[in-house]
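Chemist: Model the structure of this input:
(chains A, B, C and D)
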Protein chains: 2
Amino acid sequence: MAGQTSADRGREARAKLLAAARELIGELGWGAVSTRVLAERAGVRPGLVHYHFESLQALLRRAVVDQMAEVLGPATAALEAADDPGSAVEAMLAELDRYSGTDPASLLFIEAYLAGTRDPELHDQIAAVLRGFRAAFAEVLRRSGHRDPDGAAALVAAAFDGIVLHKGLDPDLSAARLAPLVRAIAEPNHETKGTRE
Amino acid sequence: MAGQTSADRGREARAKLLAAARELIGELGWGAVSTRVLAERAGVRPGLVHYHFESLQALLRRAVVDQMAEVLGPATAALEAADDPGSAVEAMLAELDRYSGTDPASLLFIEAYLAGTRDPELHDQIAAVLRGFRAAFAEVLRRSGHRDPDGAAALVAAAFDGIVLHKGLDPDLSAARLAPLVRAIAEPNHETKGTRE
DNA sequence: GATCGCCTTGGACGATTGACCAATCGTAGC
DNA sequence: GCTACGATTGGTCAATCGTCCAAGGCGATC
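Modeler: The predicted model follows:
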């Protein structure tokens, strides 16, 4: 237990700071996370923040990008393995139900999007992660013969975040209730009946 | 031009503060709107903020609730007048395309939702406005014989906000591209094919 | 045991924050 | 002209902010 070098302890402090940031961004909002509350939550001295990170913004940026990759990475992998788009959607909706819409984990994504509109570097990193997820989803839909795989993937991805957002306002809004409707979007025989010419 | 009493000027200053808040919440984020930048944008002295409003939070709260009612009110009325759900959706999607996802007006709604998760009073006011919109939408769907009007209304409403959110990350994501897919959700003959028993 | 390198500490800096208040303003009614 | 009153001003308050830095701690290496 004792054989940890000072570099090890450094990595641990850094990790604790990032973990604290994941919690606090959702709890307090991106703009309300200060160096001092962050350090307190991490069980670390405030001065360490600017030793391990260039700035507070850089720390928060890193925390959310890590978290998004950690959540969306496995989801993307599972998506690439799935061949039935309907069940893939259902599995993701079930996953979505773990987020209440008010807990920090739910709000972290939304906060990240918002912060991304004001931080070009963060914007690019988030967009890249999201692009990967949508591309994998679209590929599943394409394989199943969907008429508009890219559009459907974009809509479902947007709907996911919208559902999380609205769940915070309406607790009755369970993902299970919406599952059949969302799945219909992904159905291969989905018809766009309003086509005009 | 001159015949304005001091009470009139008071109302004007109050209105200018609220208008400035609408701009700044989207530009800077809820937590970054300070009394001083707010007053400067409104062309008013900082001291006035706490004369016209109980607190900064109360001002911001009032600003977003007013804005939401102003946007969703007419939309709800138009919805109640419409009888064809497909065209109603399309009209709203066209309206949605006016929001780029990065302009202050787009972000105001998202910021409001987020702030609502941390401010119970704001939460209730937003939820009430949103409930009205969804109820009107669901009623249109019900009249056209939709299988799950409440679910579809909830999904479309959530998808709208999700689309705005994602448009900030992917400018190519136009509402027009998604229109056929969203409209399909609202189609009266919409089938939930996956029903199991 | 001395040296090296990374990590950690505690405090400091100037700037900004929300809130508050006594004094003063301008105008409408008497 | 005087009073009354809502609106406005300019300034102050303690608290908090992000950032930086000199000093010290501490294990690994020689």
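Chemist: Show me which residues of chain A are close to DNA strand D?
Modeler: By Cβ under 7 Å from any atom of the strand, the residues of chain A that approach DNA strand D are A:3, A:5-6, A:33-37, A:46-47, A:49-51, A:55-57. C-beta here means a position set from N, CA and C on the backbone, and glycine is covered the same way.
Chemist: Out of those, which comes closest to chain B?
Modeler: A:Val33 (9.4 Å; Cβ to the nearest Cβ).
Chemist: Near that closest one, how many other residues are there?
Modeler: If you count neighbours by other Cβ atoms under 10 Å in any protein chain shown, A:Val33 ends up with 24.
Chemist: which element is the closest residue to it other than its chain neighbours on?
Modeler: Once flanking residues are discounted, A:Val33 sits nearest to A:Leu24: 4.7 Å by Cβ to Cβ, 6 or more residues apart in numbering or on different chains. According to DSSP states H and E, A:Leu24 maps onto helix A:6-28.
Chemist: in that helix, what counts as buried?
Modeler: A:13-14, A:16-18, A:20-28 (16 or more other Cβ atoms under 10 Å in any protein chain shown).
Chemist: Give me the contact status of the very next helix or strand once past that helix with DNA strand C.
Modeler: Next helix or strand after helix A:6-28 toward the C-terminus (DSSP H and E): helix A:35-42. No. Shown here: helix A:35-42 not in contact with DNA strand C (Cβ under 7 Å from any atom of the strand), separated by at least 8.4 Å.
Chemist: mind listing what the residue nearest to A:Val33 touches?
Modeler: Contact analysis of A:Leu24 by Cβ atoms under 8 Å, 6 or more residues apart in numbering or on different chains lists A:Val33, A:Val37, A:Leu38, A:Arg41, A:Pro104.
Chemist: Can you check the pLDDT for the closest residue to chain B within chain A?
Modeler: Closest residue of chain A to chain B, Cβ to the nearest Cβ: A:Gly162 (2.7 Å). For A:Gly162, the model assigns a pLDDT of 95.
Chemist: Might one say that A:His50 is in contact with A:Leu38?
Modeler: No. Taking contacts as Cβ atoms under 8 Å, A:His50 lies outside contact range of A:Leu38: 11.2 Å.
Chemist: who touches both of those two?
Modeler: A:Leu56.
Chemist: Who has more neighbours out of those two?
Modeler: Counting neighbours by other Cβ under 10 Å for A:His50 and for A:Leu38 shows that A:Leu38 has the greater number, 26 against 13.
Chemist: Neighbours of the nearest residue to A:Thr35 once chain neighbours are set aside, how many?
Modeler: Excluding the flanking residues, the one nearest A:Thr35 by Cβ to Cβ, 6+ apart is A:Val49, at 4.7 Å. For A:Val49, the tally of surrounding residues (other Cβ under 10 Å) stands at 22.
Chemist: thinking A:Val49 is in contact with A:Leu38, fair?
Modeler: Yes. Here A:Val49 reaches A:Leu38: they are 6.4 Å apart, a contact under Cβ under 8 Å.
Chemist: anything in contact with each of those two?
Modeler: Here A:Val49 and A:Leu38 share the contacting residues A:Leu17, A:Leu56, A:Leu59, scored by Cβ under 8 Å, 6+ apart.
Chemist: how far away is the first one from A:Val65?
Modeler: The spacing between A:Leu17 and A:Val65, counted by Cβ to Cβ, to the nearest Å, is 15 Å.
Chemist: tell me which residues of stretch A:100-112 are tucked away?
Modeler: Buried-residue list, stretch A:100-112, by 16+ other Cβ under 10 Å: A:Gly101, A:Thr102, A:Pro104, A:Ser106, A:Leu107, A:Leu108, A:Phe109, A:Ile110, A:Glu111, A:Ala112.
Chemist: Let me see the residues that make contact with it.
Modeler: Contacts to stretch A:100-112, defined as Cβ under 8 Å, 6+ apart, come from residues A:22-27, A:29-30, A:64-65, A:67-68, A:99, A:122, A:126, A:161, A:164-169, A:171, A:173, B:110, B:113-114, B:117, B:165.
Chemist: In chain A, what helix or strand scores lowest on average pLDDT?
Modeler: In chain A, the helix or strand scored least confidently by mean pLDDT, DSSP states H and E is helix A:85-96, which has a mean of 86.
Chemist: For that one, what is the distance to the chain centroid?
Modeler: Distance of helix A:85-96 from the chain centroid (Cα atoms, centre = their mean, to the nearest Å) equals 15 Å.
Chemist: Can you see whether that helix contacts chain B, counting any residue in it?
Modeler: Yes. Applying Cβ under 8 Å from any Cβ of the partner chain, one finds helix A:85-96 touching chain B at A:Gly86.
Chemist: isn't A:Lys16 right up against A:Gly43?
Modeler: Yes. Between A:Lys16 and A:Gly43 there is a contact under Cβ under 8 Å: 6.4 Å.
Chemist: What is the burial count for A:Arg131?
Modeler: By the criterion of other Cβ under 10 Å, A:Arg131 has 12 neighbours.
Chemist: Mind listing residues that contact whatever helix or strand it lives in?
Modeler: Here A:Arg131 sits within helix A:120-143, counting by DSSP H and E. Outside helix A:120-143, the residues that touch it by Cβ under 8 Å, 6+ apart are A:61, A:64-65, A:68-69, A:72, A:75-76, A:79-80, A:82-83, A:85, A:88, A:112-113, A:115-117, A:149-150, A:152-154, A:156-157, A:186, A:188, B:166, B:168-170.
Chemist: Stretch A:42-58 too?
Modeler: A:10, A:13-14, A:16-17, A:19-20, A:33-36, A:38-39, A:59, A:62, A:119.
Chemist: The same query, at a cut-off of 7 Å, please.
Modeler: By Cβ atoms under 7 Å, 6 or more residues apart in numbering or on different chains, the surrounding residues in contact with stretch A:42-58 are A:Ala13, A:Arg14, A:Lys16, A:Leu17, A:Ala20, A:Thr35, A:Arg36, A:Leu38, A:Ala39, A:Leu59, A:Asp119.
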